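# Have a look at this prediction, sequence included:
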Amino acid sequence: MLFNSLSFVLVFLPLAFVGFHLCSLVAPRAGGRLAAAWLVAMSLLFYYWWNPPYVLLLLGSAAFNYTLGVLIQRARGRERLQSGVLWLGVTLNLLVLCYYKYFFPLLHGLNGIGFHFVAGDVILPLGISFFTFTQIGYLVDCKSGISQSQNPLNYSLFVTFFPHLIAGPILHHKEIMPQFRAPETYRINLRNIQTGIAIFILGLAKKTLIADTLLPVADAAFAKPEALSLIAAWHGALCYSLQLYFDFSGYSEMAMGLALLFNIRFPANFDSPYRSVSVIEYWQRWHMTLTRYINLYIYNPIAFWVTRRRLARGKATSRKGLKTFSGFTELVAYPTFVTLFLAGVWHGAGLQFMIFGLLHAAYLSINHAWRLWRPDPGGGPPRWHVIAWKGSLTYLAVLVGQIFFRASSSMNAVAMLRAMLNMNGLPPWNGWRAECGLEEGFSPAHLVTMMNHGSIPMVVILFAMVWFVPNVLQVFSEYEPSLSTPRTPAPEWLRWRPDWQWGAALGAIGAVALLAITGTSAFLYFQF
């Protein structure tokens, strides 16, 4: 079951919502436990709907990691025992993840170079990366003393809570567990309900009205990139870039809105990343909880290890040491490349995902080097043309990475890049009238057709929305939709208010978004 399905919106969600608040009202003293148990049961039903046998995998994973967490906490003061239990947990979690995500693709790859393994296929369990990473982080924090003892019910809810189960955000127990324990979570909060419904509607509209309409264009372009002209290749690549943006933005907002319906605030996971003026900033705005996770549990431990080794050898680790070639390579580039390589592999088993990760590692290393060695930029805010060229360069770098992210193989990605460089031997303007929606002449009546086919004018309009229209965090800033504060709130006239004007507009948008659900298109991050 997906958030953008009629069965979810019209049946499952009302049942989960009404049952949760009824449980809180019927038994006020035990309301928290009863309502939490209801949410766990509904989350398991949500998971069961996708693939029934994998409910046992989810329950087994939660029970296993909860037990290890208890053992680690009870072994406080016995360092070797704690470390052994932690490494057992991390190893087994990763083995299960690798089996489902990489084992069968590896066998198929080996068969492709002459081996003869019996290699079937396996359906990837829903959200396995997200609930695995969440629990590995929990075990690490149990070892470091950051995590406190949890009761089994709250831990089960932390792992299975359906709004984050498909594609994140990657939750941290210190943010979410206290909310599950708080009495106010189990009281009706009209402010949260109104805000949650509004945000969910906007996210659903982004998915069904924008991302899904761009999907056919992107799929067609990446199916045969070697046959594309310059304009067609750029059109297909930009359509995919926008599809990815609105798909993940829509999912993140739907998850945020759903959590608010149950009085839970998620960490922000998406903050207009295409407005970034550096790749460092991009990773602070795109899949923000993944960035936080890999920094906290991969990059920082590697960087600390390298720092200790340098100190043991008597080498500098200060800013002056960073400005040496060896210092920068060891303290910045090395942990960055290892971290982003692993992040790339996490996204998929193909060579193209490794290249995606290494590309971003190179981008980030160059960005950090520029910040270290650039000339003094002087005081005052940057001028608009500086922001424009930095933003354009950042987006172009990100777009190249996205081509590897989307391509079916590294060769497919190279073919798309060749087409974008006009190396296919076709006239660059070949098919430009069709791409612009002008094949049969232009009239206002063609706007709907142009949108449905992701034409170039619609691409321009969507990029204008991406760059200039305030995002959900900004529009709803006064109602605190997430645990994060937006960089800048929206202008006063664009901020959300629970009044009839906003209600009518959102009602119309929601109706159109529901009518656009003709099938169920999976979210792009669903496969991870």
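That came in fine, so what should we check first?
# and F3, which of the three is it?
Local secondary structure at F3 is given as coil here, using DSSP: H, G, I helix; E, B strand; the rest coil.
# can you tell me which residues contact it?
When the contact criterion is C-beta atoms under 8 Å, 6 or more residues apart in numbering, the partners of F3 are V9, I166, G203, L204, K207, Y251, M254, A255, L258, F523. To be clear about C-beta, it is placed using only N, CA and C from the backbone, and glycine gets the same treatment.
# Next SSE downstream of the lowest-mean-pLDDT helix or strand in the chain?
Ranking every helix and strand in the chain by mean pLDDT, DSSP states H and E puts helix 447-452 at the bottom, with a mean of 44. Downstream of helix 447-452, the next assigned helix or strand under DSSP states H and E is helix 456-468.
# Mind listing what's buried along that following helix?
Of the residues in helix 456-468, those with enough neighbours to count as buried (16 or more other C-beta atoms under 10 Å) are I456, P457, M458, V459, L462, F463, V466.
# Give me the pLDDT for the fourth one.
At V459 the predicted local distance difference test score is 89.
# Apart from its neighbours in sequence, what residue is nearest it?
Excluding its sequence neighbours, the residue lying closest to V459 (C-beta to C-beta, 6 or more residues apart in numbering) is L238, at 5.4 Å.
# quick one: that neighbour from S410, how far?
Taking C-beta to C-beta, to the nearest Å as the measure, L238 falls 21 Å from S410.
# the more surrounded of these two?
Using other C-beta atoms under 10 Å, the more surrounded residue of L238 and S410 is L238, with 23 against 16.
# Which secondary structure element is home to that one?
In this structure, L238 is located in helix 230-261 according to DSSP H and E.
# Check whether N412 really touches A221, as I assumed.
No: judged on C-beta atoms under 8 Å, N412 makes no contact with A221 at a distance of 10.6 Å.
# could you dump the contacts of F3 to TSV with neighbour count, distance to I231 and pLDDT?
Below are the contacts of F3 laid out as TSV (neighbours: other C-beta atoms under 10 Å; distance: C-beta to C-beta, whole Å; pLDDT from 0 to 100):
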residue	neighbour count	distance to I231	pLDDT
V9	18	38	91
I166	23	35	78
G203	26	32	95
L204	25	32	94
K207	26	27	92
Y251	28	30	92
M254	27	34	95
A255	26	36	94
L258	25	40	96
F523	20	29	67
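# Out of those, which comes closest to R181?
Of all the contacts of F3, R181 sits closest to L258, with 20.1 Å by C-beta to C-beta.
# who are the neighbours in contact with the closest one?
By C-beta under 8 Å, 6+ apart, the neighbours of L258 are F3, L13, F162, P163, G196, F200.
# Also I199?
With contacts defined as C-beta under 8 Å, 6+ apart, the neighbours of I199 are E253, M254, M256, G257, L260, V472, F476, P481.
# Run through the residues that contact the closest residue to the fifth one other than its chain neighbours.
Okay, so that is L260. The spatial neighbour of L260 that comes closest, neighbours along the chain excluded (C-beta to C-beta, 6+ apart), is G196 at 3.2 Å. G196 makes contacts with M256, G257, L258, A259, L260, L261, as judged by C-beta under 8 Å, 6+ apart.
# and the fourth one, how many neighbours does it have?
Counted with other C-beta under 10 Å, residues neighbouring A259 total 26.
# Distance-wise, check it relative to A333.
For A259, the distance to A333 (C-beta to C-beta) stands at 37 Å.
# ok, now the third one?
Relative to A333, L258 is positioned 40 Å away (C-beta to C-beta).
# Quick test: name the residue nearest the centre of the chain.
Centre of the chain computed as the mean C-alpha position; nearest residue by C-alpha atoms, centre = their mean is H287, 4.0 Å away.
# secondary structure element for the residue of the chain positioned farthest from its centre?
In the chain, counting by C-alpha atoms, centre = their mean, G314 sits farthest out from the average C-alpha position, at 40.8 Å. Counting by DSSP H and E, no helix or strand carries G314.
# and it, what are its phi and psi?
According to degrees, to the nearest 10, the main-chain angles of G314 amount to phi 80, psi 20.
# Who are the contact partners of the closest residue to L139 other than its chain neighbours?
Among residues not flanking L139 along the chain, G89 sits closest, at 4.7 Å (C-beta to C-beta, 6+ apart). Neighbour list for G89: F64, N65, L68, I136, L139 [criterion: C-beta under 8 Å, 6+ apart].
# which among the residues you listed end up buried?
With neighbours counted by 16+ other C-beta under 10 Å, the contacts of G89 contain buried members at F64, N65, L68, I136, L139.
# List the residues that contact the third one.
For L68, the contacting residues are V85, L86, L88, G89, L139, C142, by C-beta under 8 Å, 6+ apart.
# With the fourth one instead?
Residues counted as contacts of I136 (C-beta under 8 Å, 6+ apart) are G89, V90, N93, L94, Y297.
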